[in-house]
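> sequence-free structure coming up:
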Ligand SMILES: Nc1ncnc2c1ncn2[C@@H]1O[C@H](COP(=O)(O)OP(=O)(O)OC[C@H]2O[C@@H]([n+]3cccc(C(=O)O)c3)[C@H](O)[C@@H]2O)[C@@H](O)[C@H]1O
Ligand SMILES: Nc1ncnc2c1ncn2[C@@H]1O[C@H](COP(=O)(O)OP(=O)(O)OP(=O)(O)O)[C@@H](O)[C@H]1O
Ligand SMILES: [Mg+2]
């Protein structure tokens, strides 16, 4: 449940300003990186739909990859096509690549049918394809991760997490849904249960065990408003162990949000966060 207090803070916001800011930053980033445009993996889900629309507003140089597998619901492919139509993508601006053959080859080599291992392989195959298509065009890979998934670590490390920029990464899933509605994403896409589609019947809320309105409320109250966990439990109508579970997911997934730790032997190389200091020219 999302308390009214949180709804006011997270959902009643100025979407025009957000759209303007994100599209401006995408444009600037592409230009500063010396690249020409951006590519997005289009799944038919809300995150890639919103990202695709924002990218199209930022630049005419866009490309979209639809990469279904056996576990991709047909509806999702239809939804991806609806978004292509909405953004008026031309035939030479997208491709459909089925990833089943590649996935089967990997599972044969690794000799596993574990759905999580195979699911993560699918996400990483998509990443490999996106980077290859991007390099062919001198484009950047535009990530679709939202703040809820990034904070929870609910993504495949170096799979859908392997991207160049994260334009909607500071918006919670509930905010992305509201932004999607505002941008004219069909209601069916906005309202359907979020799913990585890595195995049949998978839904994010089913796997995590909590709905996104509650997840977002817990994340917001804990990490932006510093509420006590007991109070968060009461405010969101969620059992305390569930609140603790969500908070723990953030803690244990830190490694997914940071560059790999380098075991330093000499002094510091550049800065520890790898930013190149301006004063070095
Ligand atoms: N402390 C630590 N420091 C450094 N590395 C650490 C580590 N702990 C684990 N690791 C590494 O991380 C690996 C586990 O991470 P990872 O490979 O990502 O695998 P994992 O987190 O187990 O699985 C990915 C999760 O994300 C979900 N997902 C995936 C893709 C898309 C979406 C979506 O919403 O669309 C969701 C998926 O359903 C699943 O629940 C470990 O095998 C290990 O190599
Ligand atoms: N079938 C697919 N075709 C192309 N890209 C895909 C496919 N499945 C996943 N991806 C890529 O992986 C990203 C992560 O998947 P995820 O499910 O989190 O996002 P989504 O489908 O856009 O939204 P939601 O979380 O609501 O399902 C997608 O946004 C997309 O870029
Ligand atoms: Mg999805």
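That came through, no problem. Just so you know, these numbers come straight off a predicted model, no measurement behind them. Residues are numbered from 1 along each chain as shown. Ligands and ions are numbered 1, 2, ... in the order given.

> rest of the way, CA atoms for contacts and neighbours
Will do.

> how about the strands in the stretch 101-250 of the chain?
Taking DSSP state E, counting those that start in this stretch as the criterion, the stretch 101-250 of the chain carries its strands at 139-141.

> that one against ligand 1: which residues are in contact?
Counting by CA under 6 Å from any ligand atom, the residues of the stretch 101-250 of the chain close to ligand 1 are 123, 154-157, 160, 196.

> got those residues as a markdown table, with neighbour count and pLDDT columns?
Listed next are these as a markdown table, based on neighbours: other CA atoms under 10 Å; pLDDT from 0 to 100:
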| residue | neighbour count | pLDDT |
| --- | --- | --- |
| 123 | 24 | 98 |
| 154 | 21 | 97 |
| 155 | 19 | 98 |
| 156 | 18 | 98 |
| 157 | 16 | 98 |
| 160 | 23 | 98 |
| 196 | 20 | 92 |
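
> need the max-distance pair from those.
Pairwise distances among those were taken by CA to CA; the largest, 13.5 Å, belongs to 157 and 196.

> and the residues of the stretch 101-250 of the chain next to ligand 1 near ligand 2, which?
The subset of those lying close to ligand 2, counting by CA under 6 Å from any ligand atom, consists of 160, 196.

> tell me the one of the residues of the stretch 101-250 of the chain next to ligand 1 nearest ligand 3?
Out of these, the one with the shortest distance to ligand 3 is residue 196. That distance is 4.0 Å, counting by CA to the ion.

> sec struct for residue 71, please.
coil (DSSP: H, G, I helix; E, B strand; the rest coil).

> looking at the residues of the stretch 101-250 of the chain next to ligand 1, which is nearest ligand 2?
Closest approach to ligand 2 among those (CA to the nearest ligand atom): residue 196, at 3.5 Å.

> surely the closest one touches residue 204?
Yes - the pair residue 196 / residue 204 is scored as a contact, 6.8 Å apart, by CA atoms under 8 Å.

> so what's the gap between stretch 258-271 and the chain middle?
The gap between where stretch 258-271 is centred and where its chain is centred comes out at 27 Å by CA atoms, centre = their mean, to the nearest Å.

> mind checking if it is in reach of ligand 1?
No - residues of stretch 258-271 are not located near ligand 1 by CA under 6 Å from any ligand atom, the shortest gap being 7.0 Å.

> what's the first-to-last distance across stretch 234-242?
Using CA to CA, to the nearest Å, the end-to-end distance of stretch 234-242 comes to 12 Å.

> residues in contact with it: which ones?
With CA atoms under 8 Å, 6 or more residues apart in numbering as the test, stretch 234-242 has contacts from 1-3, 210, 214, 217-218, 229-230, 232-233.

> mark which of those are buried, thanks.
Judged by neighbour count, with 16 or more other CA atoms under 10 Å as the criterion, the buried members of those are 1-2, 210, 214, 217-218, 229, 232-233.

> all helices of the stretch 151-281 of the chain, in order?
Secondary structure of the stretch 151-281 of the chain (DSSP state H, counting those that start in this stretch): helices at 173-182, 187-191, 204-208, 212-223, 229-236, 240-252, 254-257.

> tell me where the model's unsure across the protein.
The model of the chain has pLDDT under 70 over residues 267-269, 272.
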